[in-house]
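A.B. asks: sequence and predicted structure below; questions after.
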Amino acid sequence: MEGLCVYGSRTEKRGGTREKEVLAGRSRAPGRTTAQLLVDRDDSFFFDHTLDHVPGILVVAGLADLVREESKGLRPDRRVKLSLDFHRFCGLDDDITLAVSPLPSGAESEAGWELRAEIGPDVACSGTAVLHQKSSMRFLPAAPVPTGDSLPAAGLAHRTRPENCLIATAWWHDDRLLARAQRPPLDHLLWDRPLEQLIEAARQFATLIGHAGYEKPIDSKFILRTLEADLPLTPPPGDVYLEWTRRPVNGRAFDLTMRLYRPTGDGFDEEVGSANFDTLIVNPRQYQTIRFREHRARERAL
């Protein structure tokens, strides 16, 4: 399915915050809603630093916007189980169509959708989003509090602009790497997107883990292959923290599974959710080889 990819986006002020469209050309057909992904290369968040492809978080934000539109009227205290597979890079000049289709309701879910990012006949990303209600509150003994100096979170998370770093502080306690997430500034694109805030904080923490936990060089490239998350649509009150426990490397696989929690102040933590990123971590030369081979494969397919 081809369409016109518009470079640029509409920005409005609403209640003192910035509301920015990442979708255009919405279209509804029986069993399927589509929209074109807007790619603004001058956007200071999505293109915090120079990229040769569309960032995955922009694709996630566009799909989340479509799901929000489809789920209007559902209670905001629900959770979403998000599962996405990234099959190929989305190029900066690609016409990217996002699509959602309803899934049959299950016994434990209220609504669900099949998600796709399409570039012509190719599927760049596919997966599902399922809304559900948390069955019960889960509490665990409180995690260790920060001691000593914080790790340089912004640099380890590959954030050039301070306002785009959603990790306030990060520290080690034995084999546990912990971090406190922070909300972006009031005029930030993600301010009105709480789900994407949690996903982006977790993604930045995964990048930090690659360097601090697996000692990968700072110029390493992170290629996201799969995202799995179970998160609330509306974050809980107070600060959200993230925790990862050191695990051995299994070949080229890096375990970036983390939990998100909220301290209750009485010696326990309330579980907020979880996230896992299946990520290929490569050096710049390996990255260029991967991109070259992908480009050649596309040329041969024409």
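C.D. replies: Perfect, I can see it now. Only a predicted model underlies this, so the values are computations on that prediction, with no experimental measurement involved. Numbering: from 1, shown residues only.
A.B. asks: where are the low-confidence patches of the stretch 201-302 of the chain?
C.D. replies: Low-confidence regions of the stretch 201-302 of the chain, defined here as pLDDT under 70, cover residues 251-252, 302.
A.B. asks: tell me which stretches of it form helices.
C.D. replies: In the stretch 201-302 of the chain, the helices defined using DSSP state H, counting those that start in this stretch lie at 284-301.
A.B. asks: tally up the residues packed near Leu198, please.
C.D. replies: Neighbourhood size, Leu198 [other CB atoms under 10 Å]: 24. Placement of C-beta: from N, CA and C, glycine included.
A.B. asks: check what pLDDT it gets.
C.D. replies: Note for Leu198: predicted pLDDT of 96.
A.B. asks: mind listing the residues bridging to Gly127?
C.D. replies: Leu84, Leu115 (DSSP bridges).
A.B. asks: quick check, it in contact with Lys81.
C.D. replies: No - counting by CB atoms under 8 Å, Gly127 sits too far from Lys81 to count as a contact (10.2 Å).
A.B. asks: identify the residues contacting Val67.
C.D. replies: Counting by CB atoms under 8 Å, 6 or more residues apart in numbering, Val67 makes contact with 80, 100, 113, 115, 129.
A.B. asks: now with 6 Å, please.
C.D. replies: Residues in contact with Val67 (CB atoms under 6 Å, 6 or more residues apart in numbering) are 113, 129.
A.B. asks: show the backbone phi and psi for it.
C.D. replies: The phi/psi pair for Val67 (degrees, to the nearest 10) reads phi -60, psi -40.
A.B. asks: which pLDDT value belongs to it?
C.D. replies: Confidence score, pLDDT, at Val67: 91.
A.B. asks: for the protein, longest strand please?
C.D. replies: As assigned by DSSP state E, the longest strand anywhere in the chain is strand 268-282.
A.B. asks: packing partners for that one?
C.D. replies: strand 139-141, helix 194-212, strand 221-232, strand 258-263 (3 or more CB pairs under 6 Å, 6 or more residues apart in numbering; DSSP states H and E).
A.B. asks: now that strand against strand 221-232, angle please.
C.D. replies: Going by axes from the mean of the first three to the mean of the last three CA atoms, to 10 degrees, strand 268-282 is angled at 150 degrees with respect to strand 221-232.
A.B. asks: how about strand 268-282: buried residues?
C.D. replies: Going by neighbour count (16 or more other CB atoms under 10 Å), the buried part of strand 268-282 is 269, 272-279, 281-282.
A.B. asks: now the angle from that strand to helix 194-212?
C.D. replies: Using the same axes, to 10 degrees, strand 268-282 lies at 60 degrees relative to helix 194-212.
A.B. asks: only C-alpha atoms, please: export strand 268-282 in CSV.
C.D. replies: Only the C-alpha atoms of strand 268-282 are listed here, as CSV (Å, rounded to 0.1, in the frame of the first residue of the first chain):
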residue,chain,number,x,y,z
PHE,A,268,7.7,-2.3,49.7
ASP,A,269,7.6,-1.6,46.0
GLU,A,270,4.4,-1.8,43.8
GLU,A,271,5.0,-3.5,40.5
VAL,A,272,4.1,-1.2,37.6
GLY,A,273,5.0,-3.3,34.6
SER,A,274,7.7,-5.0,32.6
ALA,A,275,9.5,-4.5,29.3
ASN,A,276,11.9,-6.5,27.2
PHE,A,277,14.0,-5.5,24.2
ASP,A,278,15.5,-8.1,21.8
THR,A,279,18.3,-6.0,20.5
LEU,A,280,21.3,-6.6,18.3
ILE,A,281,24.3,-4.6,19.5
VAL,A,282,26.9,-4.1,16.9
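A.B. asks: okay, now the sheet partners of that strand, with direction.
C.D. replies: strand 139-141 (antiparallel), strand 221-232 (antiparallel), strand 258-263 (antiparallel).
A.B. asks: ok, and what's touching the next helix or strand after the first one?
C.D. replies: The reference is to strand 139-141. Going down the chain from strand 139-141, the next helix or strand is helix 153-156, by DSSP states H and E. Helix 153-156 is touched from outside by 165, 167, 170, 208, 211-212, with contacts defined as CB under 6 Å, 6+ apart.
A.B. asks: rewinding a little: what's in contact with the longest strand of the chain?
C.D. replies: Taking CB under 6 Å, 6+ apart as the rule, strand 268-282 contacts 138-140, 142-143, 202, 206, 210, 216, 220-231, 240, 254, 256-264.
A.B. asks: pick the most buried one from the strands paired with strand 268-282.
C.D. replies: strand 258-263 (a mean of 21; mean count of other CB atoms under 10 Å).
A.B. asks: no further questions, thank you.
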